[in-house]
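>>> model the following, please.
(chains A and B)
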There are 2 protein chains.
Amino acid sequence: MSAEIEEILKRYQSYPNVAGIIILDPFAIPIKTTMDYTLTVHYAAVVHTLAAKAAKMVSSLDANNELMTIRLRTKQHEVVIVPSESYIIIVVQKPGE
Amino acid sequence: MSAEIEEILKRYQSYPNVAGIIILDPFAIPIKTTMDYTLTVHYAAVVHTLAAKAAKMVSSLDANNELMTIRLRTKQHEVVIVPSESYIIIVVQKPGE
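Numbering: from 1, shown residues only, chains lettered A, B, ... in the order given. Okay, here's the model as predicted:
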């Protein structure tokens, strides 16, 4: 399990301009983070409910469809949310140069 | 106003693999759509609440930040949501070949 998490971390750290990575368990508990504690807990709380809402939205529009990723582009950075069966992965990217 | 909407529609129609475009007013009322009525109304309802939740999430993490776009990648297509001051634009794209 821990090796799998390290693997996920390594994979997303290879993305360009990564400012931080948070891995949550399915109950929104942070199990790995590269960001500070306060921000991690805050991200965990808001991303968890947003991901649940988005997944419900997708399946309500089409029961055969399924959410893969959410990408939030903001003025300051981009947040990629990858909900999987075992984890919710949050990657914060700074805008490219 | 109507010319502006036609302009928005034309711009997003030039995107690759566009399956449908819906333009909502800030109260989630569809003012232009290329999709069927039932699906348009359904999208309007779910996207409106998701966009509001995502915008609140972004500003709650950082009061100086602002949401620009939401991109939902699903098994079947990609949904791009662009909330602006006057409109919420929804673009449904089929996956690229």
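>>> how about A:Val58, secondary structure?
With DSSP: H, G, I helix; E, B strand; the rest coil as the basis, A:Val58 sits in helix.
>>> wait, what's in contact with it?
Neighbouring residues of A:Val58 by Cβ atoms under 8 Å, 6 or more residues apart in numbering or on different chains: A:Asn65, A:Glu66, A:Leu67, B:Leu72, B:Thr74. C-beta here means a position set from N, CA and C on the backbone, and glycine is covered the same way.
>>> tell me the mean pLDDT over stretch A:49-60?
Stretch A:49-60 shows a mean pLDDT of 93.
>>> in that stretch, what's buried?
Going by neighbour count (16 or more other Cβ atoms under 10 Å in any protein chain shown), the buried part of stretch A:49-60 is A:Leu50, A:Ala51, A:Lys53, A:Ala54, A:Ala55, A:Met57, A:Val58.
>>> do you know how far A:Thr74 is from B:Val58?
5 Å (Cβ to Cβ, to the nearest Å).
>>> shared neighbours of the two, anything?
B:Asn65, B:Glu66, B:Leu67.
>>> turn those residues into TSV, including secondary structure, distance to chain A and neighbour count.
Converted to TSV, the shared contacts of A:Thr74 and B:Val58 look like this (DSSP: H, G, I helix; E, B strand; the rest coil; distance: Cβ to the nearest Cβ, whole Å; neighbours: other Cβ atoms under 10 Å in any protein chain shown):
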residue	secondary structure	distance to chain A	neighbour count
B:Asn65	coil	5	14
B:Glu66	coil	5	13
B:Leu67	strand	6	21
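>>> including pLDDT, could those residues go into a markdown table?
Formatted as a markdown table, the shared contacts of A:Thr74 and B:Val58 follow (pLDDT from 0 to 100):
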| residue | pLDDT |
| --- | --- |
| B:Asn65 | 94 |
| B:Glu66 | 94 |
| B:Leu67 | 96 |
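>>> pretty sure A:Leu61 sits against B:Val41.
No: with contacts counted by Cβ atoms under 8 Å, A:Leu61 stays clear of B:Val41, the gap being 11.2 Å.
>>> which residues does the nearest residue to A:Asp62 once chain neighbours are set aside contact?
Nearest residue to A:Asp62, sequence neighbours excluded (Cβ to Cβ, 6 or more residues apart in numbering or on different chains): B:Gln76, at 6.9 Å. By Cβ under 8 Å, 6+ apart, the contact set of B:Gln76 is A:Asp62, A:Asn64, A:Asn65, B:Pro95.
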